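Student: show me the folded form of this:
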Amino acid sequence: MLDIKNINQVTRAHGVKIALYGDSGIGKTVLATTCRNPLLVSSEKGTTSINQKVLSYYPNDEIVAHNVQNMAVLEIENVANNGTLTEEQISAPIKKLVELLNFLKTDNTFETVIFDSFTEIAEILLAIYVTQVKDNRKAYVTLNEKLNNFIKACLDLPQNIVFICQLNEATDENGNVSKIRPSLPGKRLLEKLPYMVDEVLLYKYITDAQGNRSRALVTTLDNDFSNFIAKDRCGNLDVYEYPHLQNIINKIRGF
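Tutor: Residues are numbered from 1 along each chain as shown. Have a look, this model is predicted:
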């Protein structure tokens, strides 16, 4: 018998998949505290930004207050360049990511999983693959295949997934910046990620008509950010959204 479902059932079963990028230091990691029941998969020593100061950005926010004290973190360490290591030690980050996928397929403890930064995680994997081949070009081919499969596996998970990325600036033949997008090593992955996820959100400072400057998540392109990439597949978001991921996820899902 065919298992035909309502569109809302399908959407809620697979969660929302987001690629989020922005300038260094703007507070991308802090956004993880705005998710309900989050798991932060961290490759950087940037979790120190999750502290009591965050409460001043989100006063009286129960989700943030809880996460500042109780955020669950899974660390992915870069071991490929740590001197003489066994093959098992070098491959430990890959094993940890595979175990994470298997865990998330069957466990509903976490509502949202945030990879911070996904750029750095990809670079950790690339460093591992470089140790396994003589030609670095083959390492990029392997990374493209493995990380592409990993992203696809994440898209099938029931949890909301947020890939936090660094910025990549593409230049034209004259050296001028022609496109700014989420950064991943390798041209193929760089170009594919925005098409794979539901939303591409740019975290930037914006200035309103009165000259007031504030942080916002840019969801669609306008004249101020014409060189950037942003996408709102669901169509439920405003051009500029207040930087609170749980509110945005709820809005996307129609809650």
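Student: assign a three-state SS to the spatially closest residue to Phe118 that is not a sequence neighbour, would you?
Tutor: Leaving aside its chain neighbours, Phe118 sits nearest to Phe163 (4.1 Å; criterion: Cβ to Cβ, 6 or more residues apart in numbering). Using the backbone N, CA and C atoms, a C-beta is placed for each residue, glycine as well. Judged by DSSP: H, G, I helix; E, B strand; the rest coil, the three-state class of Phe163 is strand.
Student: likewise for Leu147?
Tutor: Look at Leu147: counting by three-state DSSP, its state is helix.
Student: repeat that for Ile180.
Tutor: Applying three-state DSSP: Ile180 is strand.
Student: with the one 5 residues further on instead?
Tutor: The local conformation at Pro185, judged by three-state DSSP, is coil.
Student: isn't it right up against Leu126?
Tutor: Yes - contact criterion Cβ atoms under 8 Å: Pro185 and Leu126 qualify, at 5.2 Å.
Student: overlap in contacts of these two?
Tutor: Any residue near both Pro185 and Leu126 by Cβ atoms under 8 Å, 6 or more residues apart in numbering counts here, and that gives 140, 143.
Student: these two - which one has more neighbours?
Tutor: Leu126 (21 against 18; other Cβ atoms under 10 Å).
Student: residues in contact with the more buried one?
Tutor: 139-140, 143, 185-186.
Student: can you tell me the helix or strand for it?
Tutor: Using DSSP states H and E, Leu126 sits in helix 118-130.
Student: and that helix, C-alpha only, in CSV?
Tutor: C-alpha atoms of helix 118-130 as CSV (Å, rounded to 0.1, in the frame of the first residue of the first chain):
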residue,chain,number,x,y,z
PHE,A,118,30.8,23.6,8.5
THR,A,119,33.7,25.3,6.5
GLU,A,120,36.2,24.2,9.1
ILE,A,121,34.7,20.7,9.4
ALA,A,122,35.2,20.3,5.6
GLU,A,123,38.8,21.5,5.9
ILE,A,124,39.5,19.0,8.7
LEU,A,125,38.2,16.2,6.4
LEU,A,126,40.3,17.5,3.5
ALA,A,127,43.4,17.5,5.7
ILE,A,128,42.7,13.8,6.5
TYR,A,129,42.3,12.9,2.8
VAL,A,130,45.5,14.7,1.9
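Student: sorry, back to before: flag whichever of the contacts of Leu126 scores worst on pLDDT.
Tutor: Lowest pLDDT of those: Gly186, 82.
Student: which stretches of the stretch 51-200 of the chain form strands?
Tutor: Assigned by DSSP state E, counting those that start in this stretch, the stretch 51-200 of the chain shows strands spanning 72-75, 112-116, 160-165, 167-171, 177-182, 199-207.
Student: okay if I get those as JSON lines plus mean pLDDT, distance to Glu241 and mean neighbour count?
Tutor: What follows is the strands of the stretch 51-200 of the chain, written out as JSON lines (pLDDT from 0 to 100; distance: least, Cβ to Cβ, whole Å; neighbours: other Cβ atoms under 10 Å):
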{"stretch": "strand 72-75", "mean pLDDT": "92", "distance to Glu241": "25", "mean neighbour count": "14"}
{"stretch": "strand 112-116", "mean pLDDT": "95", "distance to Glu241": "16", "mean neighbour count": "25"}
{"stretch": "strand 160-165", "mean pLDDT": "96", "distance to Glu241": "14", "mean neighbour count": "27"}
{"stretch": "strand 167-171", "mean pLDDT": "81", "distance to Glu241": "19", "mean neighbour count": "13"}
{"stretch": "strand 177-182", "mean pLDDT": "81", "distance to Glu241": "17", "mean neighbour count": "17"}
{"stretch": "strand 199-207", "mean pLDDT": "92", "distance to Glu241": "8", "mean neighbour count": "19"}
